[in-house]
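Undergrad: Can you look at this prediction? I've put the sequence above it.
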Amino acid sequence: MLRLQGVRKRYGGGASPIVEVLHGIDLTLADGAFAALVGPSGSGKSTLLNLIGLLETPSEGEIWLAGQPAHAASEAHRTAWRNQYLGFIFQFHHLLGAFSAEENVLMPVLAAGRGRIHADDRRRARLLLERTGLAAHAHKRPVQLSGGQQQRVAIVRALMNRPRLVLADEPTGNLDSRTAQEVFALLRELNRDEGTAFLIVTHDAGLAARCDRQVYLQDGRLVRDSARVA
Ligand SMILES: Nc1ncnc2c1ncn2[C@@H]1O[C@H](COP(=O)(O)OP(=O)(O)O)[C@@H](O)[C@H]1O
Ligand SMILES: [Mg+2]
């Protein structure tokens, strides 16, 4: 479903020196995978996630998402594929404060350009909110929710359009350990129930160990991958 080949990322140029942050990443991810991306701060985890998320383009190499050559595509195609195939969860929830939990969950429907929200979309939003224990909070605004509830709303939002792959950058990084466990358990449940693949950046070795696969990044290189036989 996802294949990276020889991906390099460089920043700078012009007045500032050119710095290469990723040095030739080869990575494949199967449908339904549940993988952790682990590595020290500054090793390039977020950069790699942004490339896979089609938010940035590689300086060299290929990124194939759902059979599409994302590295060689126009911005319009990349945006369309992003909305069609991907969901995003960040450390901070980035919910829109003026809207209810349910309205936030429905945002990706509008972003995907389906014009308006249909009854089916509302049903799915309500079902996901129910399944994540948020039914009673659907009408509340983000400030009326706890940190764990806010992050669960963000997770439901990421799942709304039935993405093939959800990219999560430190999704439990801002939560106390007990809430982090609950949120992680929810990701696992959605992975099983919806067949959605997850690639999760985490600093928490315990949570990483509970993923099916661990990919280790160091100084812009994949130094270890539990799915790859040495
Ligand atoms: N837009 C950018 N311009 C220049 N350097 C960047 C940019 N984004 C990230 N970097 C650098 O790339 C390296 C990897 O960063 P990042 O991907 O955020 O690492 P991680 O998420 O593992 O902490 C760091 O040295 C960072 O300073
Ligand atoms: Mg990061």
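TA: The structure has been received and is ready for your questions. Ligands and ions are numbered 1, 2, ... in the order given.
Undergrad: The closest residue to ligand 2 within the chain sits in which helix or strand?
TA: Nearest to ligand 2, among the residues of the chain, is residue 46, at 3.2 Å (CB to the ion). (Each C-beta comes from the backbone N, C-alpha and C, glycine too.) In this structure, residue 46 sits in helix 45-52 according to DSSP states H and E.
Undergrad: need the helices for this protein, in chain order.
TA: Applying DSSP state H to the chain gives helices spanning 45-52, 75-85, 101-111, 119-131, 147-159, 177-194, 205-209.
Undergrad: Point out where this protein drops to low pLDDT.
TA: Along the chain, segments meeting pLDDT under 70 span 114, 229-230.
Undergrad: how about 80 then?
TA: For the chain, residues meeting the criterion pLDDT under 80 lie at 113-115, 228-230.
Undergrad: for ligand 1, what are the nearby residues on it?
TA: 11, 19, 21, 39, 41-47 (CB under 6 Å from any ligand atom).
Undergrad: Distance from the chain centre to the helix holding residue 46, please.
TA: 10 Å (CA atoms, centre = their mean, to the nearest Å).
Undergrad: can you list the residues of the chain near ligand 2?
TA: 45-46 (CB under 5 Å from the ion).
Undergrad: At the geometric centre of the chain, which residue do we find?
TA: Central residue of the chain (CA atoms, centre = their mean): residue 167, 1.5 Å from the mean position.
Undergrad: give me the beta-bridge partners of that one?
TA: residue 88, residue 199 (DSSP bridges).
Undergrad: Which single strand of the protein contains the most residues?
TA: strand 16-29 (DSSP state E).
Undergrad: Any buried residues in stretch 30-45, and which?
TA: 32-39, 43-45 (16 or more other CB atoms under 10 Å).
Undergrad: State the pair within those that is farthest apart.
TA: Distance extremes for those: the farthest pair is 32 and 43 at 26.1 Å, using CB to CB.
Undergrad: residues near residue 219, how many?
TA: Neighbours of residue 219 under the rule other CB atoms under 10 Å: 13.
Undergrad: For it, which residues are in contact?
TA: Going by CB atoms under 8 Å, 6 or more residues apart in numbering, residue 219 touches 23, 43-44.
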